[in-house]
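Peer 1: I'll drop the sequence and a predicted model, then ask my questions.
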Amino acid sequence: MQILSTETKTVSRKNLAVLCLPLITLNGSMRDINKSIGNALKHICGYNYKHASIDKYLRELKYLRISSNFIKTTAEFWINF
């Protein structure tokens with residue numbers, strides 16, 4: 001599992017990328033990351049993540065049983081924003 005050996009800075013950037021999905025995509029869908037509007041990730045979190053990278057990251061979090069809590073917390077952030 002790659003996430004266990006990933007640097008803290010990279011995990012933070014991926015978390016920020018997931019948090020920003022509603023801002024940089026039309027409907028918050030990860031598939032829109034590969035479109036030109038998704039290139040804003042480079043300016044927001046310092047790296048231009050693509051759909052496959054974020055999808056793999058969320059699947060690894062799911063395997064660790066972290067993803068549902070992470071997604072719920074992200075949704076609550078935007079509801080309260």
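Peer 2: Noted; the coordinates are in hand.
Peer 1: could you measure the residue nearest to the spatial centre of the chain against residue 39, distance?
Peer 2: In the chain, the residue lying closest to the centroid (CA atoms, centre = their mean) is residue 18, at 2.2 Å. Between residue 18 and residue 39 the distance, using CB to CB, to the nearest Å, works out to 16 Å. Yep, even glycine has a C-beta here, placed from its N, CA and C like the rest.
Peer 1: go on, residue 3?
Peer 2: In terms of CB to CB, residue 3 sits 24 Å off from residue 39.
Peer 1: which of those two has more neighbours?
Peer 2: It is residue 3, of residue 3 and residue 39, that has more neighbours when counted by other CB atoms under 10 Å, with 16 against 13.
Peer 1: what distance do you get for the more buried one to residue 34?
Peer 2: Residue 3 is 22 Å from residue 34, by CB to CB.
Peer 1: same check on residue 78?
Peer 2: 22 Å.
Peer 1: name the surrounding residues that touch the strand or helix carrying the residue nearest to the centre of the chain.
Peer 2: Residue 18 is part of helix 8-19 when elements are defined by DSSP states H and E. Among residues not part of helix 8-19, those counted as contacts by CB atoms under 8 Å, 6 or more residues apart in numbering are 3, 41, 44-47, 49, 53-54, 57-58, 70-71, 74, 77.
Peer 1: and it, how far from the chain's centre?
Peer 2: Per CA atoms, centre = their mean, to the nearest Å, the displacement of helix 8-19 from the mean C-alpha position of its chain is 7 Å.
Peer 1: next SSE after it?
Peer 2: Following the chain from helix 8-19 toward its C-terminal end, the next helix or strand by DSSP H and E is helix 21-24.
Peer 1: name the helices or strands packed onto whichever helix or strand comes after that following helix?
Peer 2: Toward the C-terminus, helix 21-24 is succeeded by helix 41-45 as the next helix or strand (DSSP H and E). Here helix 41-45 is seen to pack against helix 8-19, helix 21-24 when contacts are counted using 3 or more CB pairs under 8 Å, 6 or more residues apart in numbering; DSSP states H and E.
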